[in-house]
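Undergrad: What follows is a predicted structure for the sequence shown.
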Amino acid sequence: MQAIYDIVATANSYLWGPWMLAALALTGTFLTVGLRFVPWRKLPAAFKLAVQPSTGEGDISPFQALMTALAATVGTGNIAGVATAIYFGGPGALFYMWVIALVGMATKYSEAVCAVAYREVDELGNHVGGPMYYIKNGVGAKFPRLAFVLAPAFAVFTALAGFGIGNGVQANSVAHVLRENFAVPNEVTGIVLMVVVGLVLIGGIKRIADVASALVPSMIVLYMGAGLVVLAINFAAIPDALALIFRSAFTPAAAEGGFAGATVMLAIRWGFARGIFSNEAGLGSAAIAHAAAKTNDPIQQGLVGMLGTFIDTLVVCTVTGLVIVTSGMWTGGLNGAALTSGAFAASLPFGGTIVAVSLAVFAFTTLLGWSYYGERAVEFLFGVKAIVPYRVVWVLAVPVGALTNLDFIWLLADALNAMMAIPNLIALVILSPAIFTMTKNYWAK
C-alpha cells in the first residue's frame with residue numbers, strides 16, 4: 001500500500017506542478033484578453049442577470065444553477081484552504097489567490113457559455129451538459145478523434161474524483177468538525193449524513209438546487225457576517241495587513257514565531273493552487289450545473305457562471321484571509337481549519353463555533369453539488385440507466401468517508417482534479433473563437 005501511496009503522491013506533485021498552474025493561469029489570461037475583459041467590465045450586469053426571473057428551456061433557474069455550483073465550491077477551500085495557503089506561502093499567497101481568481105472568472109464564464117451552447121436533452125427530458133458534452137459536440141465538429149478520447153476521459157475523471165473530493169473528504173470534514181466541537185461520534189454523523197443526502201438526491205437536480213439555494217446564501221451571509229464583524233473589531237490592523245499581503249507577494253516573507261518563512265515562488269504556488277482548489281475555475285465542474293439553467297442564451301449564463309469565482313475567492317476567501325492576517329494568528333504555527341477557527345475566536349466569543357458550523361454546512365452542500373457532477377458524468381458514459389445505481393453507491397459511500405482516514409483519498413482526488421483540467425483546458429482553447437464570436441455578437445445586439 002505504501003508503494004501505491006508513493007506513486008500517487010509523486011504523480012500528484014507532478015500533475016499540480018508549475019506547468020499545470022501555469023496552464024490554468026495562461027488559459028485564463030488568454031480568455032480574459034480575448035473576451036476584451038468582459039468578465040471584469042460586465043460584473044454589474046452579471047449580478048442583475050443572476051436575480052432576474054428565468055426564461056427559456058432548462059430545469060432550474062440561472063440563480064439555482066449558480067447556487068448549485070457554489071454549493072460544490074464554497075467549502076473547505078474557503079476556510080481551510082486559505083489558511084493552508086498562508087501557512088505555507090505567507091500572506092502574499094492571498095494576493096496570488098486574487099490573481100488566479102481574476103483570470104479564472106473568464107475561464108468560468110467560458111465554461112458556462114459552452115455548457116449551454118453545446119448541451120443536450122437526455123431520455124428523461126433533463127438538460128445535460130458540461131465539458132464532456134462541449135468536447136463531444138464542439139471540439140468533435142473540428143477534431144472528432146480528439147473528442148472521442150477527451151470527452152469520455154473527462155467523464156471518467158469526474159466520476160472518480162467525485163468520490164474523493166466531493167464525497168469522502170467532505171463527509172470526513174463534517175464528522176471531524178462535529179466531533180471536535182460538539183462531541184458528536186463519527187458513526188452518528190456518518191449515518192445521519194447518509195440519510196439526509198439520500199433524501200435530497202431522490203429529488204434529482206431540482207431538489208439539490210432547492211436545498212443549495214436555501215443553504216448556500218444563508219451560510220455565506222452567516223460566515224461573511226462574522227468575518228466582517230471581526231474585521232470591524234480589527235479595523236486598525238487592516239491597512240498594515242494589506243501592506244503585508246502586497247509586500248509579501250513580491251519579496252520573501254521572513255520567518256516569524258511559528259511561521260517558517262516563505263519565498264515569492266511559494267506564495268505564487270500556494271496562492272494559485274489553493275485558489276483553484278477553492279473556485280474550481282478550469283476544472284470544468286461548475287459547467288455541469290450551469291448546463292441545466294433555464295436560458296436560451298449561453299452568454300447570459302456565462303455571465304452568471306463567472307460570479308461563482310468572484311463570490312468564492314474574491315469575496316469569501318478574501319474575508320477569511322484578512323481575518324487570519326489581521327488577527328496575527330498566522331505566525332502561531334496553526335494550519336488549516338484550526339488556524340481560521342483560532343483567528344475568528346481571537347476576536348469573537350463564538351467565532352470558533354461559527355467557523356465549525358459553516359465548515360460543516362459548506363461540506364454538506366459540496367456533497368450534494370458533486371453528487372450531481374458525478375451523476376452526469378456516469379450518465380454520459382453509460383446512459384440514464386446508470387443514474388440510480390450511482391446515487392445508491394454515492395449515498396453508501398458517505399459513512400465510509402466519515403469513518404476513514406483519507407490521506408490517500410486526498411492525494412488521489414487532487415490528482416484526478418488535475419486530470420479533469422487537462423481535457424477541459426484543451427477544449428476551451430479550441431472553442432475560444434466560438435466563445436469570442438458569441439460574446440461579441442451578444443453585446444453588439
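TA: In hand now; what should we look at? These numbers come from a predicted model, not from an experiment. Residues are numbered from 1 along each chain as shown.
Undergrad: how about residue 351, what does it touch?
TA: Applying Cβ atoms under 8 Å, 6 or more residues apart in numbering to residue 351 gives the contacts 226, 230, 341, 343, 344, 345. Bear in mind the C-beta positions are built from the backbone N, C-alpha and C, glycine included.
Undergrad: in terms of contact, does the last one touch residue 352 like I think?
TA: Yes. Assessed by Cβ atoms under 8 Å, residue 345 is found in contact with residue 352 at 3.9 Å.
Undergrad: How many neighbouring residues does the nearest residue to residue 43 once chain neighbours are set aside have?
TA: Sequence neighbours aside, residue 310 is the residue nearest to residue 43 in space, at 7.0 Å (criterion: Cβ to Cβ, 6 or more residues apart in numbering). When neighbours are defined as other Cβ atoms under 10 Å, residue 310 has 21 of them.
Undergrad: about what we covered before: with the contacts of residue 351 in mind, which one is nearest to residue 183?
TA: residue 341 (16.1 Å; Cβ to Cβ).
Undergrad: Now do the same contact list for that closest one.
TA: Listed by Cβ under 8 Å, 6+ apart, the contact set of residue 341 reads 351, 352, 355, 356.
Undergrad: Likewise for residue 52?
TA: residue 62.
Undergrad: quick one: residue 309 from residue 191, how far?
TA: 35 Å (Cβ to Cβ, to the nearest Å).
Undergrad: more neighbours, the two?
TA: Between residue 309 and residue 191, counting by other Cβ under 10 Å, residue 309 is the more crowded of the two (33 against 14).
Undergrad: I figured that one hits residue 100, correct?
TA: No. Counting by Cβ under 8 Å, residue 100 is not a contact partner of residue 309; they are 9.2 Å apart.
Undergrad: what touches both of these two?
TA: Overlap of the contact sets of residue 309 and residue 100 (by Cβ under 8 Å, 6+ apart) consists of residue 281.
Undergrad: Name the residues of stretch 286-299 that come out as buried.
TA: Using 16 or more other Cβ atoms under 10 Å as the test for burial, stretch 286-299 gives 286-295, 297-299.
Undergrad: Can you list which of the residues you listed are found in helices?
TA: Judged by DSSP state H, the subset of those located in helices is 286, 287, 288, 289, 290, 298, 299.
Undergrad: burial count for the nearest residue to residue 167 once chain neighbours are set aside?
TA: Nearest residue to residue 167, sequence neighbours excluded (Cβ to Cβ, 6+ apart): residue 397, at 5.2 Å. When neighbours are defined as other Cβ under 10 Å, residue 397 has 21 of them.
Undergrad: Residue 397 and residue 169 touch, don't they?
TA: No. Applying Cβ under 8 Å, one finds residue 397 not in contact with residue 169, separated by 11.2 Å.
Undergrad: Save the ones in helices among the buried residues of stretch 286-299 as a markdown table, and put in pLDDT and distance to residue 106 too.
TA: Shown next, in a markdown table, are those (pLDDT from 0 to 100; distance: Cβ to Cβ, whole Å):
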| residue | pLDDT | distance to residue 106 |
| --- | --- | --- |
| 286 | 95 | 14 |
| 287 | 96 | 14 |
| 288 | 97 | 19 |
| 289 | 95 | 18 |
| 290 | 96 | 15 |
| 298 | 96 | 15 |
| 299 | 96 | 13 |
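Undergrad: And the furthest pair within those residues?
TA: Farthest pair in these (Cβ to Cβ) is 288 and 299. Separation: 18.6 Å.
Undergrad: quick revisit: would you list the buried residues of stretch 286-299 in JSON lines and tack on distance to residue 360?
TA: Listed next are the buried residues of stretch 286-299 as JSON lines, based on distance: Cβ to Cβ, whole Å:
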{"residue": "286", "distance to residue 360": "22"}
{"residue": "287", "distance to residue 360": "27"}
{"residue": "288", "distance to residue 360": "24"}
{"residue": "289", "distance to residue 360": "22"}
{"residue": "290", "distance to residue 360": "26"}
{"residue": "291", "distance to residue 360": "29"}
{"residue": "292", "distance to residue 360": "26"}
{"residue": "293", "distance to residue 360": "28"}
{"residue": "294", "distance to residue 360": "31"}
{"residue": "295", "distance to residue 360": "33"}
{"residue": "297", "distance to residue 360": "37"}
{"residue": "298", "distance to residue 360": "36"}
{"residue": "299", "distance to residue 360": "37"}
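Undergrad: chain center to the longest helix seen in the chain, what's the gap?
TA: Longest helix in the chain by number of residues (criterion: DSSP H): helix 407-444. Counting by Cα atoms, centre = their mean, to the nearest Å, helix 407-444 is centred 13 Å from the centre of its parent chain.
Undergrad: what do you get for stretch 272-287?
TA: Between the centre of stretch 272-287 and the centre of its chain there are 5 Å (Cα atoms, centre = their mean).
Undergrad: What's the end-to-end length of it?
TA: Stretch 272-287 stretches 21 Å from its first residue to its last (Cα to Cα, to the nearest Å).
Undergrad: I'd like to know how far the closest residue to residue 60 other than its chain neighbours sits from residue 194.
TA: Spatial nearest neighbour of residue 60, excluding adjacent residues (Cβ to Cβ, 6+ apart): residue 209 at 4.3 Å. Counting by Cβ to Cβ, the gap from residue 209 to residue 194 is 21 Å.
Undergrad: for residue 285, same thing?
TA: Going from residue 285 to residue 194 by Cβ to Cβ gives 23 Å.
Undergrad: Comparing these two, which residue is more hemmed in?
TA: residue 285 (30 against 20).
Undergrad: Can you read off the pLDDT for the closest residue to that one other than its chain neighbours?
TA: The shortest distance from residue 285 to any non-neighbouring residue, by Cβ to Cβ, 6+ apart, is to residue 373 (5.3 Å). We have a pLDDT of 95 for residue 373.
Undergrad: was I right about residue 373 contacting residue 290?
TA: No. Using Cβ under 8 Å, residue 373 is not in contact with residue 290; the gap is 11.5 Å.
Undergrad: any idea of the pLDDT on residue 406?
TA: 66.
Undergrad: number of nearby residues for residue 125?
TA: By the criterion of other Cβ under 10 Å, residue 125 has 7 neighbours.
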